[in-house]
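Q: Here is a sequence with its predicted model. Questions after.
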Amino acid sequence: MEDYKKHSVLSYLKLIFSLDKRLIGVLFINVISSLTWNLLPIGILAYMTKIYQKNPTKEGFQMVFWIILANTIYHLIYAVIIHLIDYEMDSRVSRRIEYKLSTLLYSKLDEVDYEVYQSNDFLNHYEKALDDGASYMFGTYWSFTEIIEELVQILSVGTIFALISPWIILYVFVVGILTAVIFRITTKISWLVSEKNAQHFRERGYIKRLFFLKDASIDLKSTTLSDLYLDMNSEIGDKIIGNIRHDFSKRAILNVLGGIATESIIAVALSLIAFTTMKNNNIVILASLVAAASTLADIVTGLTSSIARFKENVIRRFDVYRVLDQPCVLEKEGTINTLPDFKEITFDHVHFSYQANEEKTLNDISFRIEQGQKIAIVGENGAGKTTLVRLFLKLIEPTEGAIFYNQIPYKDIQVKTIRKTYATVFQNYQIYSFSVAENILLKKLETKDEEIKVIEALKKVGLWEKISHLEKGINTICTKEFDKDGVEFSGGERQKLVIARVFVSSAPILILDEPNSALDPLAEKHIFDEIFSYAIDKTLIFISHRFSTTIHADKIYLFEQGSILEQGTHHELMLKNGEYKRMFMTQAEKYQEEAE
């Protein structure tokens, strides 16, 4: 059994109640108030009938009037209390549940292994849990509350009928079992349909996000790309509707049978009541029991509907637990949380493939990088360079072979501890809708020293001139996503901003994965001069397609199809007259032609 299926309904309810303790109080209030709401009218009707039967005068009528008035006032007070509770639940409690659940799910991502996070199945489950999890939790709570309310009411009203005719209770019990079974089946069908549509809903979500992306707006306006996506949206919609229609008739028939069964309760109850009370000709008993029969039928109908909603909501617990119970192997691996000063990183016959029985992305990689060295990784696209970066950061682990930090096996070190030793600029970098300073520090700006570091970093990458003229300076929000006065950077400026993160880091190892792809040659030279100067006592590993940056590296590794084809200094590799020299000269000739 998958781990997520081990969670019972009880454990799910415990999780819901743990998200907000007010739920317990609201449950208690609702049970007591609904009990009086349904039972009082029955008792009052019997009492009024009895009074008027004994004293059919003006005085008797006045007494009945005051009873009705008191009951009306009670109902008004009850309605006000219930509306206040509903408002509190909808406006605050439901938001708190949504916030707490989303926090749980966001926190879980920090534990999920990188490869799992990249899978479509996990993303489908995660999106379902994040989008619908809180609403189904709230729905579970309300339907559970309604079931408790209705069970208490049935117990109270049923006691009356048990004294008159136990057959009514037996019939209600049989109908309740029947409708519960029907609703269980229809709920399971609905859940299975949602499972079939999970991928389609995520695809539709992608299309929706696409039309909100500012970077995509030019393509959408200047090409027929939108037509392509609209066609895709229609195809996805047809698939969703097709899955829903597939089991529609089955669910419809079952729901009709359940409805007929519950509606028959009042007819059976009234027949048995009439048969029983006909003998003694007691109008008081007849009147109160007719009201009770109507109430009982409403309660049973409500109970079966509540059970149906409860089942529908409860079965969705798997959407949440499938994420929360996702096994995390790599992220929890290792026990060492403190490392000695960095001396060397060693790759010992490392192989890696993303999936079993798939061609290896990296094949028998062995090298040693020492403290203070400047290492260049070069090669064509798909050579395995970015996979190498992921191995450095322990986002993935070797299929074969081992990696060592100062002779300590990577597998024995906690991932967070390893990653603290690196400051990394990724090829697919992100600019976030936070301030300039927060985008560089990747945390809140808290001290004057941090402010100075940010300014110095901006100077090194050539962005300070622009930022210093902004009204809020380094506190200016990046992008206009959340702030109409936010700053929009060009492609080159965005890359400079990301590279600035290196200059505020105290990590002993710097990794730059294609950090210069959007920079012009002059900006590239300036920034690399600054990086080499800043990293004079640090280890620098940079991946680049531009060979002009590799000349001053202590060692160059040329990757081809997942293997190290050549290695050495620039001078050594040029003397070899191999692939490195060919690629270097080809690029140099291209630059020469452009210059001429």
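A: Looks like it arrived, so ask away.
Q: C-alpha from now on. contacts and neighbour counts both.
A: Noted.
Q: what about L573, how many neighbours?
A: By other CA atoms under 10 Å, the residues close to L573 number 19.
Q: and it, that's in a strand?
A: No: counting by DSSP: H, G, I helix; E, B strand; the rest coil, one finds L573 to be helix, located in no strand.
Q: Just give me the neighbour total for E589.
A: 11.
Q: meant to ask about V9, not that
A: 14.
Q: Please name the nearest non-neighbouring residue to the most centrally placed residue in the chain.
A: Centroid-nearest residue in the chain, with CA atoms, centre = their mean: L130, separated by 3.6 Å. Spatial nearest neighbour of L130, chain neighbours left out: S102 (6.3 Å); criterion: CA to CA, 6 or more residues apart in numbering.
Q: Tell me how far the one you found lies from E312.
A: Shown here: S102 relative to E312, a distance of 21 Å by CA to CA, to the nearest Å.
Q: So the two - more neighbours on which side?
A: E312 (23 against 17).
Q: returning to what we had before: the residue nearest to the centre of the chain belongs to a strand?
A: No: L130: not assigned to a strand; according to three-state DSSP it is helix.
Q: Test my guess that it contacts L104.
A: No: the criterion here is CA atoms under 8 Å, and L130 misses it with L104 at 9.9 Å.
Q: mind checking which helix or strand the nearest residue to S563 once chain neighbours are set aside is in?
A: Excluding its sequence neighbours, the residue lying closest to S563 (CA to CA, 6+ apart) is N363, at 5.3 Å. Taking DSSP states H and E as the definition, N363 sits inside strand 362-370.
Q: Count the neighbours of I408 for me.
A: By the criterion of other CA under 10 Å, I408 has 14 neighbours.
Q: follow-up on the earlier one: who does the strand holding N363 pair up with?
A: Strand 362-370 sits in its sheet next to strand 344-352 (antiparallel), going by DSSP bridges.
Q: Distance of P398 relative to V415?
A: 14 Å.
Q: residues contacting A500?
A: By CA atoms under 8 Å, 6 or more residues apart in numbering, the contact set of A500 is I440, V454, A457, L458, K460, V461.
Q: in terms of contact, does the third one touch F503 like I think?
A: Just to be clear, that refers to A457. Yes: judged on CA under 8 Å, A457 makes contact with F503 at a distance of 5.3 Å.
Q: Now do the same contact list for V31.
A: T145, I148, E149, V152.
Q: That one should be in a strand, yeah?
A: No: V31 is assigned helix when assessed by three-state DSSP, not a strand.
Q: Tell me how far it lies from S11.
A: As for V31, its distance to S11 is 22 Å (criterion: CA to CA).
Q: Same question for Q495.
A: Q495 sits 48 Å away from S11, going by CA to CA.
Q: May I ask which two of the contacts of A500 are separated the most?
A: The distance between the two most remote of these (CA to CA) is 12.7 Å, for I440 and K460.
Q: of the two, who's got more company?
A: I440 (27 against 21).
Q: Could you find the closest non-adjacent residue to the more buried one?
A: R501 (4.7 Å).
Q: pull the helix or strand with minimum mean pLDDT from this structure.
A: helix 214-222 (a mean of 59; mean pLDDT, DSSP states H and E).
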